[in-house]
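> quick one, fold the following:
(chains A and B)
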Amino acid sequence: MKKLMYIILIGTVATSCQKFLDRQPLDSISSTNFLTNETEIKLGLTGVYSYAQWNYGTTNTPLLKRVESATDLGMSRKGSDQEDLMVLGDNGPFINGNGITTSAWSNAYATIARANSFLDGMVIGKATTPAASYARMRSEALVLRAISYYYLMSWFGDVPFFTKPLDPSVYETQTRKSKSSIAQELYKDLDEAWAGLPNLNDRGRVNKGTAYGFKAKIALLIKDYATAATSAKAVIDLGAYNLNTSFQNLFTLAGQTANNGNEILYMTQLPQDNASPLSYLPIGLLPRQVLGTSGNNFPSQAMIDKFECSDGKRIDQSPLYDPANPGKNRDKRLKWTVYLPYDTMDVATGVNVSLPYQNPMQRIIYNIYSDTIFRFNWSTNAFVKVVGNPDFITSANSVWQYGSTGAVGGVGYCWRKYLDPNQNAFAGKQGYIVLRYADVLLMYAEAKVEANQIDATVTDAINKVRTRSAQPVTTLSSQTELRQLVRRERAVELAIEGHRWNDLTRWGIYNAAVNGALVGVAKNPAIAPSFPTFTTDDIPDYTSSAALRINPRNQTRLTQTKHLLWPIPQGELDKNKNLTQNPGW
Amino acid sequence: MFMKITKALSVFVFLMICSLSIFGQVQVYKGQVKDATGKSLEGITVSSLDSKKRTLTNVDGQFSIQAKKGTKVSFSGIGVESKTIEVGSESTINVVLEIKFSELNDVVVVGFGTQKKVNLTGSVVTLKNEDLVKRQVATASNLLQGLAPGVTVTQQSGKPGADGASINIRGLSSIYAGQSPLILIDGIVSSIDNIDPNAIETISILKDAASTAVYGARAANGVILVSTKRATGKGLQLSYNSYFTKQSLTNIPQRASALDFMKLSNVAQQNSTGNPAAFIYAQALIDKYSTTAPNNMDVIDNDWVKLLFINSGLMQNHNVTVNAGGDKLSMFTSLTFMDQQGIIPNTNYKRTDIRMNPDLKVNDKFTIKGVFNYTENRTTNPSTSSAEFIIREAIGIIPIGAAKFGPGMYGNAGQSNNRNPLAQAEAAGTTDVVTNSLLSKLGFTYKPIKNVEVEAYAARELWIPNTKTMVKNVNIYQPNVATNSYDYVGVWPGTNSLSESYSTNVRSTYLAQATYSGQLKDHNFKLLVGAQSEQFAYRGINASRTDFTNQELPYLNLGTNNKNNAGGAYETAIAGFYSRFNYNFREKYLLEANGRYDGSSRFSQANDKQWGFFPSASAGWIFSKEKIFDRLSKYIAFGKLRASFGSLGNQSLSSIYPFSANYTTGSNAYFNGITNTGYALLDAPNPTITWEKSTQKNIGLDLTFNKHFSVTADYFIREISDILLVRPIPTYVSLNSPYINAGTMENKGWEATINYKTKIGKLGVNITALVSDVVNNVTSLPGVPYLDGGSVRTAVGQSLFSYFGYKAIGYFQSDADIAAAPTHFFVPKPGDIRYADINGDGKVDANDRTFLGNNFPRYEYSLNMNFNYGNFDLSIFLQGVGKKENYLTGTGAYPFYAADFIPGLLEMHKDYWTSTNPNAKFPRLLPAIGVNGTTSSFWITDAAYVRLKNVNLSYRLPEKWMKKVNVKSAKIFVSGQNLYTFTKFWDGYDPEINNQNAEFYPLMKTITGGININF
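Model prediction:
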């Protein structure tokens, strides 16, 4: 009896003790009580998107744009930010531990981890969520994850691949999986997403076109031209997307908001209802003579010379080309992509009116050849001469150690694409395009050309892009010629949109295109250098005119085979002994 | 799980039943043994010289013994004069024994009870009120410094309300879980700085596993037990204690003058550009500065430290205690008011403390005890930056920046953002924290039958911090030389704002325990069983607004923009069952066994990780009681060997629910150009983690020599295993690392206390010397080569948080020097710091970094000297550290360096490298420190020190004077704290404060005068 009483007593104590010690989070949502209904799944999906905007990086500058500066189309200034690790010299375009490579790695995997947690957790709310909505949201996460893997594979080659949240016991046992087998998995995900997604979605969200656009990219990466062509074709045949009639409107906030023709399939946006975050993209493109800016990425001479003349011929073949006035008679995209010396710049630099040179607009005549420049005086409504040009190439007061456009930061040119004269350049709100329809058309053409299945659909796709910018239609039909044309078209259409690195490495011409001395605009504007010669791969050679052109601070690029793949961050190799480094690193 | 608890409980119940069946002896002579003051003496051996029967007195000094009438009975014990009497017809014998060594008879507070000091088998240090009140400090943690060996007390700040010291017992014992000891005030978990030192009766510091195991789960870092005063004696006693203290700086770096600053800025610029004509300040300006006196117009030369350190630094403390003793009801009452002013504007701390500790004796068996303590703490600090940051600004900001032109007219301090440290401290608003705390504890002790005592209590501690942060705009002006006046520039910081937060924090503790003490011939034993639970609940809200039209009215209603609010809550709970069994044979062989079974809500219930069992055992041998020792007893009055072994746990993670993964807000994305709310999973949970374990071994020796000396020495080893570790995980996992149980480390150390006491004529001398050392060694860190923390690194074979960097080997003196040296990871110039090529591969790179020591103090020692002569008492207290490294960086160390403002230069930096000053203290000047600021031994300095911590001289006013004014006794005193420091450490910095970058609130040197009056 006594014994029984004790047991009852002890039992009561023990049970109440267990209850007493059972404490769960109160003011936070946890993995066990979240994603239980449609509203929560939406919140969770937004969480995945917030990491998918990773290409904006920590410095509010698109990572894809910065990568472009390690290609033949552009360059970085020498500076103290992480881009100075992308300087071109004996160390090549990247060094191990470079901030761009490590942040690309960590941000892409952050998106993957969020997507994995979301896809795994949303099952809780499946029963209470309408099927179509559930399928759409699942599809969106699948596409965001595939995009991250696409970039990882493009830059790092074979990478650890997982589609479920990892258990702590397998954190350190992941191995690199081959690109082709990852691609097969991603194809399946993207096929599911294609079925689950609408043609058009909210701006800033992925849609059907994004799913198959990236399927085409992944297929091209592994040279699966058949899949690339059918995926791109499926997007084209959908009829939901077309080209924006105005090329330049793709890169202004108003143009992006209207999204004429639905050309922009997927982009990262910035909030218009909130001061932050904002983009430093525009101020990073501007020369020092625009007051207060600090440009750090610049176009190369090769970029300028990629643009055809308006007769559709390359500059060395066209009678319209005038070396003394290289901006004349050129593909219209030249004007919308870069500023040449003596171009007029209109730049909004703030809402605080500070006359006479800011209104809040600055208008200047871009100049690198004189310490005196023309600034527009908004009080008198006239250009006035002002002394003091930080970009003056021979200035004794040159601030070259901090980088500038003129003599050393760049080679005399500035990017214009993505500069929106109606947006404060210090607080840019224009989004950054990840995928647009022109890219899909050119991918289709590339896939068919590489597969040597050249037909009217191929030239149609190319011509659609060309005619928008008033370039003559092409009538070429040989695989070699069309291959060159598609490649040139990608360069001039998609410059600084983050495709060039992947294109060059995919085509196997990265080393040839990037290696060698960098040259720029004429040292003396009165002595115009002649045009370059071009290799069979359309790569310009400036040997004959180099002496007449200015050189940037980092004059010579020495690329090596190892640069075709980025180094896996050393910390990953330290922590996971099953991972291998890319060759040469 | 259920079975585990059942099993544990059955054991306790069984033990309780067993113990109840033991009863005492037949008696003939009964009585009580007391000392001269009337205090009962426990453990006195009573032996009949005739029958050879013997017994020991119990807790109340009572005994009973059979003896023949007319024979002799002797009374002897440790630390008392023996006595032999002849028993007659009177069957009640009361004996008074004279005390030789009072401390040996002391009763010491141990976990859940008391124990006679002589019978302790663990390592326990006890401090009494009279040891503590000699030092006038605002926070009680500072009282512990240097008083207990093996207890490292380091004060890191002199900021009012935040000048409490950190306490580590026997070294660092965890990496991510708590490292602080468990602090219990009257049995309730609390912070030591919450208690008014006037109310402390004793402090017991439990150091080894044997003494702390009854606190199991939370005792891995040691336990500090504070007992507050209770009423004693009969009648009413009133006392008034009061003191006034003047605080001043111990140490602060000196700035270089405006002229030096400008000249050397140009030198730095020349060094940086390689252009000998380069300059930042034109020669014309320098010339003007050298010929014109500062005029706060076009010649400005501000010593910001002088401008800023203008507050009084006065501290005052008033305390009234009433000790009311009665037959049934006694009560100790204390009321204290303290006001501590900082030495920069708007830093101060005020505390009001009201305590009532009543004891109600219902009958001989039943007593009710209560503790009621209300405290109000008020701290004020500048709101726009921490006081520490403002002080760093004052040390480091450019002297040519304008400070102040008149009341409310501040300069821009030479900063592009107009941030002016003087304006920040004086006028830009304050953060006021008012914390009201109420502790109520009510319990009873019940002695139902002889030898059994039951105790239970419930306590609730409630504290409600209210933080109010008002940021005000200040007006910034600039000199206009043309008009010789000051132009209004604008306001700083630009937006005023108020944020307020309230939270309630409730900790409820319940305890019930029973003790049985018994005696069977020469066997004495005591059994304690008990159960305890504790829960903590936090609930808080906060709100803020900006843009107040009238910033002198700090009320949320008046803010017009950015109306934000938030709230949250969390809870934790702990439950435990404990038991202790003490046994001794003739108070010669001592044994103790402890066990505690503890559960914590921080671990996963679903995975059965909540409960842990923590046992310990200890033994003691009072060898001085052995026959063989009789001959030596002339010299050695008392000798005891102790040994203990036990295991303990640690669960105090900063994470409340580490077993669960929480979604984080703020993962927003932008669709259609607007912000959309999102949630994301960022943490990796680990539901399998459990207690961190600590195994401790201790051996100790207590010796009391007959006349003047006593010595206590201990050696210990603590092994910490299943360390709660945040192990770095591969980036591709992309979650914050979870806690895991992995890794081991070890603390080995020793401690010694030597006491010398004598009387030379009228001069009483009492000197205590302490010395201790502990070394930490990480023995395994599975899965990771090391844990990185900036300039410190934790790696196997090293102490926790050891400095890691290059080894500096002087300067490059010339280009030839550079050419001959191994290639460095930078392009050196003469005057740059040169580093050692540790691995000898001909180049100095990241692989040449090495471990460079750490800042945990070693060879800590102190000397506490007390003298009394007549009515005078003098105590002198020295405290020191024999070995310690300290790392100086940033504004505190580098010339022209501040990451977050435009910096000036310190006077010490004028000793910089040039070809004619090759052994300079600092490398060549550069605009920012550049490569010379790389983590290296160059910036690590020997921070060993000896400090005259305290001197206290007091005088008891003669009683005959006092009688006339109806005062029982009165004492006046003067004392000084941190009076002098001997150290090789950098001038201007305090060796006690770790990792200096000049962002600190200096420790205070204080002079106090005070009075104690007893009515």
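
> check the gap between residue A:513 and chain B for me.
For residue A:513, the distance to chain B (Cβ to the nearest Cβ, to the nearest Å) stands at 31 Å. Every residue, glycine included, has its C-beta placed from N, CA and C.

> which SS state does that residue fall under?
helix (DSSP: H, G, I helix; E, B strand; the rest coil).

> all helices for chain B, in order.
Assigned by DSSP state H, the helices in chain B fall at B:2-20, B:129-132, B:209-212, B:258-273, B:283-291, B:304-308, B:387-396, B:421-426, B:815-820, B:890-893, B:959-964.

> can you list contacts of stretch B:549-556?
B:429, B:468, B:470, B:472-473, B:496, B:498, B:500, B:543-545, B:548, B:558, B:560 (Cβ atoms under 8 Å, 6 or more residues apart in numbering or on different chains).

> mind listing what's buried in it?
B:551, B:554 (16 or more other Cβ atoms under 10 Å in any protein chain shown).

> can you map out the helices along the stretch 451-585 of chain A?
A:456-468, A:479-494, A:500-507, A:510-514, A:570-575 (DSSP state H, counting those that start in this stretch).

> CSV for these, including mean neighbour count?
Output for the helices of the stretch 451-585 of chain A, formatted as CSV (neighbours: other Cβ atoms under 10 Å in any protein chain shown):
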stretch, mean neighbour count
helix A:456-468, 19
helix A:479-494, 20
helix A:500-507, 21
helix A:510-514, 21
helix A:570-575, 16
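
> if I look at the closest residue to residue B:487 other than its chain neighbours, how far off is residue B:293?
Distances taken as Cβ to Cβ, 6 or more residues apart in numbering or on different chains place residue B:480 nearest to residue B:487, at 4.8 Å, with adjacent residues excluded. Distance from residue B:480 to residue B:293, counting by Cβ to Cβ, to the nearest Å: 20 Å.

> related to what we said a few turns ago, please identify the deepest-packed of the helices of chain B.
Burial of the helices of chain B is given as mean neighbour count (mean count of other Cβ atoms under 10 Å in any protein chain shown); helix B:209-212 ranks first at a mean of 32.

> is the residue nearest to residue B:487 in a bridge, and if so with what?
Legend: beta-bridge partners of residue B:480 under DSSP bridges are residue B:485.

> so it makes contact with residue B:486?
Yes: in this structure, residue B:480 is within contact of residue B:486 by Cβ atoms under 8 Å, at 6.6 Å.

> about what we covered before: check the helices of chain B for me: which has the lowest mean pLDDT.
For the helices of chain B, mean pLDDT drops lowest on helix B:2-20, to a mean of 46.

> please enumerate the strands of the stretch 601-750 of chain B.
Remark: strands assigned in the stretch 601-750 of chain B by DSSP state E, counting those that start in this stretch are B:611-621, B:636-650, B:663-664, B:669-671, B:674-676, B:680-681, B:692-705, B:709-721, B:724-726, B:739-741, B:744-760.

> ok, now the stretch 101-250 of chain A?
A:159-160, A:176-177.

> mind checking which of those strands is nearest chain B?
Among those, strand A:159-160 comes nearest to chain B, with 5.4 Å by Cβ to the nearest Cβ.

> so how far is that closest one off the chain centroid?
Relative to its chain's centre, strand A:159-160 lies at 22 Å (Cα atoms, centre = their mean, to the nearest Å).

> can you list contacts of that strand?
Contacts for strand A:159-160 (Cβ under 8 Å, 6+ apart): A:149, A:152-153, A:174-177, A:182, A:579, B:732.

> 7 Å instead, please
With contacts defined as Cβ atoms under 7 Å, 6 or more residues apart in numbering or on different chains, strand A:159-160 is touched by A:152-153, A:174-177, B:732.

> pLDDT below threshold where in chain B?
Within chain B, the stretches with pLDDT under 70 are B:1-27, B:78-79, B:100-105, B:707.

> switch the cut-off to 50
B:1-3, B:5-6, B:8-26 (pLDDT under 50).

> using CSV, list the CA coordinates for stretch B:260-274.
Below are the C-alpha coordinates for stretch B:260-274, written out as CSV (Å, rounded to 0.1, in the frame of the first residue of the first chain):
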residue,chain,number,x,y,z
ASP,B,260,52.5,68.3,-33.6
PHE,B,261,49.5,66.7,-35.2
MET,B,262,49.7,68.8,-38.3
LYS,B,263,53.4,68.5,-38.7
LEU,B,264,53.3,64.7,-38.3
SER,B,265,50.3,64.4,-40.6
ASN,B,266,52.5,65.8,-43.3
VAL,B,267,55.2,63.4,-42.4
ALA,B,268,52.8,60.5,-42.7
GLN,B,269,51.5,61.8,-46.0
GLN,B,270,55.1,62.1,-47.3
ASN,B,271,55.8,58.5,-46.2
SER,B,272,52.7,57.3,-47.8
THR,B,273,53.1,59.0,-51.2
GLY,B,274,56.9,58.8,-51.4
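
> now the strands for the stretch 251-400 of chain A?
Counting by DSSP E, counting those that start in this stretch, the strands of the stretch 251-400 of chain A are A:264-268, A:297-299, A:338-339, A:344-348, A:361-365, A:372-377, A:382-387.

> again, but for the stretch 351-500 of chain B
When assigned using DSSP E, counting those that start in this stretch, the strands of the stretch 351-500 of chain B occupy the ranges B:366-382, B:404-406, B:409-410, B:430-446, B:452-471, B:474-480, B:485-492, B:497-520.

> those strands: which one's closest to residue A:533?
strand B:485-492 (59.6 Å; Cβ to Cβ).

> still on that earlier bit, which of the contacts of strand A:159-160 are buried?
For the contacts of strand A:159-160, a burial check counting by 16+ other Cβ under 10 Å picks out A:152-153, A:174, A:176-177, B:732.

> quick one on the thing from earlier: list just the nearest of the contacts of stretch B:549-556 to chain A.
residue B:543 (15.8 Å).

> OK, contacts around the closest one?
B:499-500, B:556, B:564-565.

> interface residues of the stretch 101-250 of chain A facing chain B?
A:105-106, A:109-110, A:113-114, A:117, A:160, A:166, A:168, A:171-172, A:174, A:202-205 (Cβ under 7 Å from any Cβ of the partner chain).

> same thing but 10 Å
Proximity of the stretch 101-250 of chain A to chain B is confined to A:102-103, A:105-114, A:116-118, A:120-121, A:152, A:159-162, A:165-172, A:174, A:201-205 under the rule Cβ under 10 Å from any Cβ of the partner chain.

> can I have the buried ones of these as a PyMOL selection?
Entered in PyMOL, the line below selects the buried ones among those, by 16+ other Cβ under 10 Å:
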select buried, chain A and resi 102+103+105+106+107+108+109+110+111+112+113+114+116+117+118+121+152+159+160+161+165+166+168+171+172+174+201+203+204+205
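
> the helices in the stretch 301-450 of chain A, which residues?
Going by DSSP H, counting those that start in this stretch, the stretch 301-450 of chain A shows helices at A:301-306, A:332-337, A:437-450.

> what does the second one rub up against?
Residues outside helix A:332-337 that contact it (Cβ atoms under 10 Å, 6 or more residues apart in numbering or on different chains): A:73, A:246-251, A:299, A:303-310, A:326-327, A:331, A:340, A:343, A:413, A:415-419, A:465-466, A:468-471, A:489, A:491-496.

> which members of those are classed as buried?
By neighbour count, with 16+ other Cβ under 10 Å, those hold A:73, A:247-251, A:299, A:303-310, A:326-327, A:331, A:340, A:343, A:413, A:415-419, A:465-466, A:468-469, A:471, A:489, A:491-496 as buried.

> from the stretch 251-400 of chain B, which residue is nearest to chain A?
Counting by Cβ to the nearest Cβ, the stretch 251-400 of chain B gets nearest to chain A through residue B:273 (8.2 Å).

> go ahead and confirm that residue touches residue B:927.
Yes: at 9.3 Å, residue B:273 and residue B:927 qualify as touching, with contact defined as Cβ atoms under 10 Å.

> distance between the ends of stretch B:653-671?
39 Å (Cα to Cα, to the nearest Å).

> how far off centre is that stretch?
Chain-centre distance of stretch B:653-671: 32 Å, with Cα atoms, centre = their mean.

> residue B:480: how many residues sit nearby?
12 (other Cβ atoms under 10 Å in any protein chain shown).
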